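Trainee: what would the 3D arrangement of this be:
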Amino acid sequence: MTLKNVKSSLNKISKSLADVQDNREFLLKNTREIIILCSRSIISVHKGDYKTARKNLAQADVLLKKYRKKATSDLRRYLITSQQEYVEAAGLLAVAEGKEIPSFEKLKVMEESYVLGLLDCVGELKRMIFDKIRTGDIDKALKIFDIMENLYLYLYPFSMYDKVVKEARRKIDVDRILVEDVRGAITEEKRRSELIKALNKLKK
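Mentor: Sure thing, here's the model as predicted:
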């Protein structure tokens, strides 16, 4: 009896696991840069600086494509958060520019990341709507709210996949509250605008 085959097998496995571990550490460290770029893109969108938003998003896309090569089947989960942030930023920018939100195939992200990213995007749309209300652009606020509400309705059924799409149900519950908050704010603003118009007519 000899352990020659065992030793040879373990050496190969050790090398394979070492490579996996190195790639894992690399992804954990470097995907933070993608998250930062996406956050900057979102901030730029809210400031109305779409050029900078697109630039940051493009840089994040380049890094995602680069790191995707290191994410083998066992390591794909380490890209979920960064891809999620990318989807959120891309979705927000698309709405701000009046474009279609890209598909997950177009963005080249995992299905889970796409769903979670869109769920997070609902919260950013609330912020955008409130900004429009503050500047008196109620028509634009209504258009964005229509997108926000429909996006929530499209995503609502995914609560049943909470076991495979982590935190989906919690995020959907949060989004429901956000949608209702915005609905209330818009209703109040419309009533206020109508009252002001009525008062102005009386003054004439």
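
Trainee: mind checking how far the most centrally placed residue in the chain is from Ala141?
Mentor: Of all residues in the chain, the one closest to the mean position by C-alpha atoms, centre = their mean is Glu88, 1.9 Å from it. Look at Glu88 and Ala141: by C-beta to C-beta, to the nearest Å, they are 20 Å apart. (C-beta placed from N, C-alpha, C; glycine too.)

Trainee: what do you get for Ile36?
Mentor: On the measure of C-beta to C-beta, Ile36 and Ala141 end up 29 Å apart.

Trainee: neighbour count: those two, which is higher?
Mentor: Counting neighbours by other C-beta atoms under 10 Å for Ile36 and for Ala141 shows that Ala141 has the greater number, 23 against 14.

Trainee: please report how far that one lies from Met148.
Mentor: Distance from Ala141 to Met148, by C-beta to C-beta: 10 Å.

Trainee: what is the longest helix along the chain packed up against?
Mentor: Identified as the longest helix of the chain according to DSSP state H is helix 4-47. In terms of contacts (3 or more C-beta pairs under 8 Å, 6 or more residues apart in numbering; DSSP states H and E), helix 4-47 is packed against helix 50-68, helix 80-96, helix 111-134.

Trainee: as CSV, these with distance to Lys171 and mean pLDDT would be great.
Mentor: Below are the helices and strands packed on helix 4-47 laid out as CSV (distance: least, C-beta to C-beta, whole Å; pLDDT from 0 to 100):
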stretch, distance to Lys171, mean pLDDT
helix 50-68, 21, 93
helix 80-96, 10, 96
helix 111-134, 4, 95
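
Trainee: in CSV, list those along with distance to Leu27.
Mentor: Rendered in CSV, the data for the helices and strands packed on helix 4-47 read as follows (distance: least, C-beta to C-beta, whole Å):
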stretch, distance to Leu27
helix 50-68, 6
helix 80-96, 9
helix 111-134, 14
